[in-house]
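Next input, structure requested:
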Amino acid sequence: MRIKELQDTLLGVLYIKKRAGVNGYYSLRQIMNTLEEGIVSEDIVDISKYLEAKDYVKCLYQIEDIYIQLTTFGSVYVEELFEKKELNEEYLTDVNKRIDSAAQSEAEIERPNKERILEKRKNLINSLKKIKPKLGKAVNPEIYDLKIDIDIIVLELQKINPDNDIIKQKLNRLDYNNNIKNDIYMLYNNINLY
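Numbers count the residues shown, from 1 in each chain. Next comes the predicted model:
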């Protein structure tokens, strides 16, 4: 799908949900992965920022995802697309059925409890813990430091409000180790640091 088509489809799906009376914020990553398999995080972030700048959506940026809600301007835009026959309502309804994402309130996203944070970030934390053995023996001071850096990232991700700068700095250090390059790329794609 082209980016414009992807954006319009995303807005259409949000419109269908809103029109069904289910208003709230949705996981942008989950919706985009349903619409376009293999879409990269940078594109998801860019799309969210573009749509927010156009005032079609409101976004809440969290470490593990971006949550998105359709605005009135976004609804008007989608209705215009329907009138011009540039969006197919039946197709959007079908796509909407494949998206498991449930609406959440702003308070649920911005003020979660610790259990919810750990549940949302469980996969990220487990991935980080699996990286440590790939680094090898901790005899080498550099390897020892990288393992400590992983522990620091895990600790940050366990916080309700992690420090993105610390996570980014520590991931950048890990990026130079060839044994874990693919793992680090996966983490970059699943942690919202852009």
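
just the helices in the protein please.
Under the criterion DSSP state H, the chain contains helices at 3-19, 28-35, 41-53, 72-83, 89-98, 106-110, 114-120, 122-131, 141-157, 164-174, 181-190.

nearest to residue 64, of those helices?
For residue 64, the closest of the helices of the chain is helix 114-120, at 5.3 Å, according to Cβ to Cβ. Quick note: C-beta positions are derived from backbone N, CA and C, even for glycine.

so can I have TSV of the helices of the chain showing distance to residue 65?
Shown next, in TSV, are these (distance: least, Cβ to Cβ, whole Å):
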stretch	distance to residue 65
helix 3-19	14
helix 28-35	5
helix 41-53	9
helix 72-83	19
helix 89-98	18
helix 106-110	9
helix 114-120	8
helix 122-131	11
helix 141-157	13
helix 164-174	14
helix 181-190	9
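
tell me, which of those helices is the model least confident about?
Among these, helix 106-110 has the lowest mean pLDDT, at a mean of 73.

mind putting the helices of the chain in JSON lines, mean neighbour count and distance to residue 66 included?
Shown next, in JSON lines, are these (neighbours: other Cβ atoms under 10 Å; distance: least, Cβ to Cβ, whole Å):
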{"stretch": "helix 3-19", "mean neighbour count": "20", "distance to residue 66": "12"}
{"stretch": "helix 28-35", "mean neighbour count": "20", "distance to residue 66": "4"}
{"stretch": "helix 41-53", "mean neighbour count": "17", "distance to residue 66": "5"}
{"stretch": "helix 72-83", "mean neighbour count": "15", "distance to residue 66": "15"}
{"stretch": "helix 89-98", "mean neighbour count": "14", "distance to residue 66": "19"}
{"stretch": "helix 106-110", "mean neighbour count": "14", "distance to residue 66": "10"}
{"stretch": "helix 114-120", "mean neighbour count": "13", "distance to residue 66": "13"}
{"stretch": "helix 122-131", "mean neighbour count": "15", "distance to residue 66": "15"}
{"stretch": "helix 141-157", "mean neighbour count": "16", "distance to residue 66": "17"}
{"stretch": "helix 164-174", "mean neighbour count": "15", "distance to residue 66": "13"}
{"stretch": "helix 181-190", "mean neighbour count": "15", "distance to residue 66": "12"}
